[in-house]
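Undergrad: Okay, predicted coordinates and the sequence, questions at the end:
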Amino acid sequence: MPYRYGEIQLVYDGIGQLEKDTLVIYDRNFCSYKMFALHIWAEQEVKFIIRGKENQTVIKDFIATGDPSAIVYLAPSLDAMKALRESGFIVTRDTLLKVPLVRVELQKTIEVLVTNLWGEDGHCSDGFKTLYFLRWGVETNISIQKNILPLEAFSGLTVESVEQDFYATVFTANLHSILIKDAQASVDMNAEKSKYPMKVNKNKSFGKLKVNILSLFISSDVDSILEILHHHFIKDTLPIRKHRSYERVRKNKHGHS
């Protein structure tokens, strides 16, 4: 879609296209009455976990209780009623959504997850922290593609050039993931004396791959190039410090219905 179309509108448009038995995990940017409603009221209900916004009254009130979980009834705002009307739903202030809230304790903060996974269906509160964290791998991969590879720096303005650049970036990212597996195994074997577990530095390893990627396809001695890359990968490592959290710095604020 065009650049200014917006990721939230893309989600609204795509909910009906999600496959059956899908669980969608969202960050706090997608926490809104309309988002909950479109998942719950879909022809076949779509299961979701969405991180709540700390400035929302229902989230603040729930945190204050100290309870591990709760069931709340949400009423739509005027903006939400207008937004849903644009999607073909007529709602009033009495159209309440019943959703569970789950408290997740982190080292420096408390997160609240809004979901339509119910305890009586076997979804206990203890598993939500691990489940929500699964989103992080996708987030970091997107960050790598955008900031390290840079995905959005297209070499042309035609559809073909944009698609070529996009798929070349995705291919490079996938190739990198394959190549660093052996290096990570070597790092794991030699990290016994380290204070922290170690991991391959993705930023530096991408740089080494980009310099050598053409040679992998045109050289008659690919094994030596792979050996050189492997050496660089295991030399540039970073410590893995688990359970670290950082205060979120907001650069701008957006309101959503």
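TA: Perfect, I can see it now. Keep in mind that what you see is a predicted model, and the values were worked out from it rather than measured.
Undergrad: This protein - how does it break down into domains?
TA: Per automatic domain parsing, the domain ranges recorded for the chain read 3-125, 139-239.
Undergrad: Where among those is average confidence lowest?
TA: The minimum mean pLDDT among these belongs to domain 139-239 (a mean of 88).
Undergrad: and the nearest residue to residue 228 once chain neighbours are set aside, what are its phi and psi?
TA: Spatially, and ignoring its direct neighbours in sequence, residue 228 is nearest to residue 212 (7.1 Å; CB to CB, 6 or more residues apart in numbering). Heads up, the C-betas are built off the backbone N, CA and C, glycines and all. When read as degrees, to the nearest 10, the backbone of residue 212 gives phi -110, psi 0.
Undergrad: Against residue 141, how distant is residue 212?
TA: Between residue 212 and residue 141 the computed distance is 21 Å (CB to CB, to the nearest Å).
Undergrad: show me what contacts residue 112?
TA: Shown in contact with residue 112 (CB atoms under 8 Å, 6 or more residues apart in numbering): 51, 52, 54, 59, 62, 63, 101, 102, 103, 104.
Undergrad: quick one: which helix or strand includes the fourth one?
TA: So that's residue 59. According to DSSP states H and E, residue 59 maps onto helix 57-65.
Undergrad: In PDB, list the C-alpha atoms belonging to that helix.
TA: C-alpha atoms of helix 57-65 as PDB (Å, rounded to 0.1, in the frame of the first residue of the first chain):
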ATOM      1  CA  THR A  57      -7.700   4.100  32.500                       C
ATOM      2  CA  VAL A  58      -8.700   0.400  32.400                       C
ATOM      3  CA  ILE A  59      -5.000  -0.600  32.300                       C
ATOM      4  CA  LYS A  60      -4.000   1.700  35.100                       C
ATOM      5  CA  ASP A  61      -6.900   0.500  37.300                       C
ATOM      6  CA  PHE A  62      -6.000  -3.100  36.700                       C
ATOM      7  CA  ILE A  63      -2.300  -2.600  37.600                       C
ATOM      8  CA  ALA A  64      -3.300  -0.800  40.800                       C
ATOM      9  CA  THR A  65      -5.300  -3.900  42.000                       C
END
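Undergrad: Top of the contacts of residue 112 by number of neighbours, please.
TA: Within those, most neighbours by other CB atoms under 10 Å means residue 102, with 27 neighbours.
Undergrad: Using the three-state scheme, assign it.
TA: strand (DSSP: H, G, I helix; E, B strand; the rest coil).
Undergrad: right, and it touches residue 128 too?
TA: Yes: with contacts counted by CB atoms under 8 Å, residue 102 reaches residue 128, the gap being 4.6 Å.
Undergrad: got the contact list for residue 222?
TA: By CB under 8 Å, 6+ apart, the contact set of residue 222 is 215, 216.
Undergrad: if you set the cut-off to 7 Å instead, what comes out?
TA: Going by CB atoms under 7 Å, 6 or more residues apart in numbering, residue 222 touches residue 216.
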